[in-house]
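Asks: prediction below, plus the sequence it came from.
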Amino acid sequence: TSAVVLHSKRLRVTGAAVEAARAGWAREARVLHHQPLEQVAILAAEPLRAGHNYTLRIHYLANLSESFQGFYKSTYRTRDGELRVLAATHFEPTAARMAFPCFDEPAFKARFSIKIRREPRHFALSNMPIVRSVNITPWLIEDHFDTTVKMSTYLVAFIVSDFKSISKITSHGVKISVYAVPDKISQADYALDAAVKLLDFYEDYFNIPYPLPKQDLAAIPDFQSGAMENWGLTTYRESALLYDPEKSSASSKLGITMIIAHELAHQWFGNLVTMEWWNDLWLNEGFAKFMEFVSVSVTHPELRVEDSFLSRCFDAMEVDALNSSHPISTPVEDPAQILEMFDNVSYEKGSCILNMLRDYLTADVFKAGLVQYLQKYSYRNTKNEDLWNSMTNASIPYSICPTVGADKGELQGDGFCRSSQQSSSTARWTKGETLDVRAMMDTWTLQKGFPLVTVTVRGKNVHLQQQRYEKGGDSPSSTGYLWHIPLTYITSKSDTVQRFLMTTKADVIILPEEVEWVKFNVDMNGYYIVHYEDDGWDRLINLLKENHTVISSNDRASLINNVFQLVRIKKISISKALDLTLYLEHERHIMPVLQGMSELIPIYRLIERRGIDGTEKRLQGYIVNLFKGLIDKQSWSDEGSVSERLLRHSLLLFACVHRYQPCVDKATGYFTEWQKSNGTLSLPADVKTAVYAVGAQTSEGWDFLLSKYKLHSFNLERGNIELALSLSRSKDKLQWLMDQGLRGDVIRTQDLPHVLVFVARNPSGYHLAWAFLKENWEKIVEKFELGSNSVAGIVTGVTSRYSTRSQLAQVKEFFSSLEEKSARLRCIQQAIETIEDNIQWMERNFENVKTWLQNNHL
C-alpha cells in the first residue's frame, strides 16, 4: 500500500515523512484529512512493501481540549484563591486520536514510548515510571518514560501538574501512589490504604502478577465520569477518591472503595485482556462492576457490599424493560454509538448476569474459569464466546456431581445433583453432563430484556412459564424470546435452596409435598422477575405480615420490587402491591426499606405533579407513617455499622424533604447552631444532607450554604450542598444554579448533570430544567459529547416524572427538531417510552391508589 490511514481528531498535521531504515531512504509524504471519519491518510511517495519495516514521522499541533476528552485543560484554586492550571488526558473510548495520530481501536495493541517537555514548576506522570529527565533549557525539562507493555490506545495517559503525592509498597512489591492538588493531599490516606489492599487481593485472586512497577491514582479537579482505568495511572473525580474521616459520610467511604476496586479490577479485565471491539464493552465493564463486590466483600467486610448489590440489578431492569434497550453485546460503529454503550446495561446488567452465573457454577468453578480466561488471553483481545468457552472448560472437572466438603453429593433418581448436606448452594444443577455455558449465556447477552417467570402451584405440581417482561404491555415483538434460566426456590417446608435450569417456554416441577408458599429467585441472584398466579401473592403477602424474617432481606426486597413491576404490566392490581407494603412498618433492614422507598416515592412524585384533590398529601402521609417508627429511632450521629449509617442518611433526608415535623424541627435546630458558629460546628457526616436540605428552604439559609460551598474547607461536601440548594422553592435561585453549572466557575461544569436533574425533581423547578435543556442543548452536547452517559442522564433525568400527553408532545417535538444524529440517541427513546409508561400508569392506577388510601383510612 502507499497509504497509511490513522485516526486524528482536531489535530493539525503539518507534515509527515516515511523512513525505510534497511533501504536507507527517507521521503516526505503527503497528508490528507478526512474530518467526518476522524481520520488522516499519510501517502508515501512509493508503495510500502509487505514484510519491511518503516518508520513514520508526523509533525502536528493542537490546542488543549476544552471538553473532558482528549488531552484537556483543568483548573483549580488554591486555599489563597490563586488559579492554577494542569493538563490531563481521558481517551476512552475514542479520544486518544485527539492527543496523537494513532490506530485508535482496541484491537490494535502496541507499546508506547512517551516523552514530555514541561516547566520545572510542574512534573509529568504517565502509565510508566520516568527513566530519566533531561534539562533542555533552564526553564524546560524533558521527561522520558519507560516503554509500556502491549496495550490499547484508550489506556494511554499523561498528566502535567503540580500535584503532591503519598506512597506505599504492596506486599507484592508494587509502588502505589495517590496524587492530588497540594491542598487536598491530606485527604488521600484512605484511598491509598484501600488501593494497597485491593491490588494485593487481585494479584492473589487472579493468580497473575500485576505487570507494571507502579500504580498511581490521581484526583483530577475536572473530570466527566467517575474514574478511568488507564494502565498504571488511574484517574478519578476528586469526590471519587478523596476522603476525610471527620467530614465524609459512610456512603462516600463505600463509594470510594467500590470505585478503586472497579478501576484496579480493570488492570486485568480490560487492560491485560481487552474486548476485540466496543460491541463487547461489557467484558470490561460488567466484570469490573462485578469484581467490586468480590474484592470489597473480602478486603472491607465491614462495608457489607452485599447489601447494595441488588439495587443495581433493579436499576438495570428499569432500562432493560424498555423496548429501546439493547442486548449486552450489540453492534456499534461510530463514536456516539460507542459512547452509548457505557450504560446501565453494559455495567449493571453485565455484573448481575455474572453474579447469576457464579451462583449457578459455584464460586470455585467461576474463579477457575476467570483465571483460565485471563491467562489464555493476556495482552490479547477477546469476544464474548472466549469467556464462555473458558467457563465451560473450567466446569468439566466438576461436571459429575461435585463433592461438598467430605460429603459426596448424591445423584437423585431424577438425575439432578443434590447435596445431602443442609446447604445446597454448592450443589449443582445439571444431570452429570458437561455444562454448555455459552448456550446458556448467549440467551442473556445476545437478546435484550429479561424473563418474567410465572409460577402456578397446583397441589404438589409447580407449573412454570417464561416470557419477556415488557413495559409497553404485550407487544407481538416479545414472542420468540427464550432464556436458559437458572431457577432457584425455597418453600414453607424447606429453606434448602433447590435448583432447576429452565430451558423451555413452560415446565413443571414436582415438590415432595404440598406447601403453604413458594419463593422463586432466592436472594434475587437471578436476573429475572417472578409472578405468582392464583393466591400465590396473597400467601407471600401474608407471610410478610405474619413473620417477615422467615425469608432473607434480599428476598423481601425482591418481592417489593417485583410486585410493583407486575403492576406496570397489568398482572397485579396496585391495591395488592400497596397491601404488600403495609408490612414495612416492621421492617428494619436497609435493603427492603430502601426498596420500599424507591417504589413508593416515584409514585408519590407522579401524583404530586398533578396536584389533584389531596391524594398526594394522603400518599405522602402513608409513606412517612410506614417508616415513622424507624425514623424516630435514628440517633443524629455517625455511630453504628456502615449499613446503619447509610440507612440513617437516607431516612433522615427522606423525612426532612417530606416535611415530617419532628425531623424538620431537629434539622432546623442543627442548622441554626451551625449557622451561628459560621459553619465551624462539626455536624455528624450522615445527617448533614438532611440539615442542609432544611436550612436551604429559607433565603438566608440558602445564601449561607452557598457561601460555604465556595470555601475550600467544604470541598468534600459539595455534592450534599448542591442537593440542598436545588431543593429551594425560589425559581430565581434554581435558575441561577443551572446557569452557574454551565459557566463552570462557582459550580464546576462536571457537576451540571447532577444539578440539572436535582432541579428537575423539584416541583418548583421542573419547567425550568426542561427550558434550560432546550435552550442550552448545543452547549451541553459540545461539553459532554453526544452519546455520553452525562447527556443520557440529563435527558432521562429531566423528563422521568412527566406523565401528561402535552408533556410527551413537547418532548417529542423538541427532540425531533434536532439534527438526525441527536434525534437518534437511545436516551431520547428511553425518555419517550418512560413518559408513555407514566401516562398509562396514571390512567390505570390513580383512582385505585385514591380508593386504597381511603379504605385504609389514610
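Replies: Looks like it arrived, so ask away.
Asks: check which strands are paired with the host helix or strand of Glu19 and give the direction for each one.
Replies: Per DSSP states H and E: Glu19 is located in strand 12-20. Under the criterion DSSP bridges, strand 12-20 sits next to strand 25-34 (antiparallel), strand 55-61 (antiparallel) in its sheet.
Asks: tabulate those (TSV), appending mean neighbour count, distance to Ser598 and mean pLDDT.
Replies: (Glycine included, C-beta is placed from N, CA and C.) As requested, the strands paired with strand 12-20 are exported to TSV (neighbours: other Cβ atoms under 10 Å; distance: least, Cβ to Cβ, whole Å; pLDDT from 0 to 100):
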stretch	mean neighbour count	distance to Ser598	mean pLDDT
strand 25-34	13	48	93
strand 55-61	13	50	96
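Asks: between those, which one is nearest to Tyr709?
Replies: strand 55-61 (38.6 Å; Cβ to Cβ).
Asks: just name whatever secondary elements the helix or strand that that closest one is followed by is in contact with.
Replies: Downstream of strand 55-61, the next assigned helix or strand under DSSP H and E is strand 70-77. Contacts defined by 3 or more Cβ pairs under 8 Å, 6 or more residues apart in numbering; DSSP states H and E place strand 70-77 against strand 83-90.
Asks: let me see the residues that make contact with the strand it packs on.
Replies: 64, 68-78, 99, 122, 156-163, 181, 218, 220-221, 223-225, 228, 230, 235 (Cβ atoms under 8 Å, 6 or more residues apart in numbering).
Asks: next, count neighbours for the residue lying closest to Ser552 once chain neighbours are set aside.
Replies: Excluding the flanking residues, the one nearest Ser552 by Cβ to Cβ, 6 or more residues apart in numbering is Asp523, at 5.7 Å. By the measure other Cβ atoms under 10 Å, the count of residues near Asp523 is 22.
Asks: next one: Pro209
Replies: Look at Pro209: counted by other Cβ under 10 Å, it has 10 neighbours.
Asks: same question for the one 4 residues further on.
Replies: Pro213 has 12 neighbours, counted by other Cβ under 10 Å.
Asks: tell me the spacing between the closest residue to it other than its chain neighbours and Leu212.
Replies: Closest residue to Pro213 apart from its sequence neighbours, by Cβ to Cβ, 6+ apart: Pro129 at 5.8 Å. Using Cβ to Cβ, to the nearest Å, Pro129 is found at 9 Å from Leu212.
Asks: quick one, which of these two is more surrounded?
Replies: A count of neighbours by other Cβ under 10 Å puts Leu212 above the other of Pro129 and Leu212, at 20 against 14.
Asks: wait, the more buried one touches Thr234, no?
Replies: No - using Cβ atoms under 8 Å, Leu212 makes no contact with Thr234, being 11.5 Å away.
Asks: contacts made by stretch 265-278 with the rest, please.
Replies: With contact meaning Cβ under 8 Å, 6+ apart, stretch 265-278 is reached by 93, 105-107, 109, 151-152, 155, 199, 202, 206, 208, 210-211, 215, 229, 231, 281, 283-285, 287-288, 291-292, 295, 332, 338, 341, 373-374, 377-383.
Asks: how about a cut-off of 7 Å?
Replies: With contact meaning Cβ atoms under 7 Å, 6 or more residues apart in numbering, stretch 265-278 is reached by 93, 106-107, 151-152, 155, 202, 206, 208, 210, 229, 231, 281, 283-284, 287-288, 291-292, 295, 332, 338, 341, 373-374, 377-383.
Asks: same check on stretch 715-727?
Replies: By Cβ under 7 Å, 6+ apart, the list of residues contacting stretch 715-727 from outside reads 184, 187, 239, 242, 244, 247-248, 657, 688-689, 692-693, 695-696, 702, 705-706, 708-709, 714, 734, 737, 751, 754-755, 758-759, 762.
Asks: same thing but at 8 Å, please
Replies: For stretch 715-727, the surrounding residues in contact (Cβ under 8 Å, 6+ apart) are 184, 187, 238-239, 242-244, 247-249, 252, 657, 688-689, 692-693, 695-697, 702, 705-706, 708-709, 714, 733-734, 737, 747, 751, 754-755, 758-759, 761-762, 765.
Asks: select the longest helix from this protein.
Replies: helix 826-855 (DSSP state H).
Asks: now do that helix: distance to the chain's middle.
Replies: 26 Å (Cα atoms, centre = their mean, to the nearest Å).
Asks: before we move on, the earlier item: next step: the contacts of stretch 715-727 restricted to helices.
Replies: The helices, defined by DSSP H, take in 252, 657, 688-689, 692-693, 695, 702, 705-706, 708-709, 733-734, 737, 754-755, 758-759, 761 from those.
Asks: Leu584 and Lys471, how far apart?
Replies: In terms of Cβ to Cβ, Leu584 sits 25 Å off from Lys471.
Asks: please say which of those two ends up with more neighbours.
Replies: Leu584 (23 against 20).
Asks: ok, back up a step: buried among the contacts of strand 83-90? Make that a ChimeraX selection.
Replies: Only the buried entries of the contacts of strand 83-90 go into this ChimeraX selection, using 16 or more other Cβ atoms under 10 Å:
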select :68,69,70,71,72,74,76,99,122,156,157,158,159,160,161,163,181,218,220,221,223,224,225,228,230,235
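Asks: contact partners for Met317?
Replies: Contact partners of Met317, counting by Cβ under 8 Å, 6+ apart, are Lys349, Phe450, Tyr469, Tyr527, Ile529, Gln565.
Asks: show me the contacts for Lys733.
Replies: By Cβ under 8 Å, 6+ apart, the contact set of Lys733 is Ser699, Trp702, Leu725.
Asks: per-residue pLDDT, Gly669?
Replies: Looking at Gly669, its pLDDT reads 97.
Asks: elements contacting the helix or strand where it lies?
Replies: According to DSSP H and E, Gly669 maps onto helix 661-676. Applying 3+ Cβ pairs under 8 Å, 6+ apart, we find helix 661-676 packed against helix 615-633, helix 642-657, helix 688-695, helix 699-709.
Asks: for stretch 762-769, list every residue counted as buried.
Replies: For stretch 762-769, by 16+ other Cβ under 10 Å, it's Asn762, Gly765, Tyr766, Leu768, Ala769.
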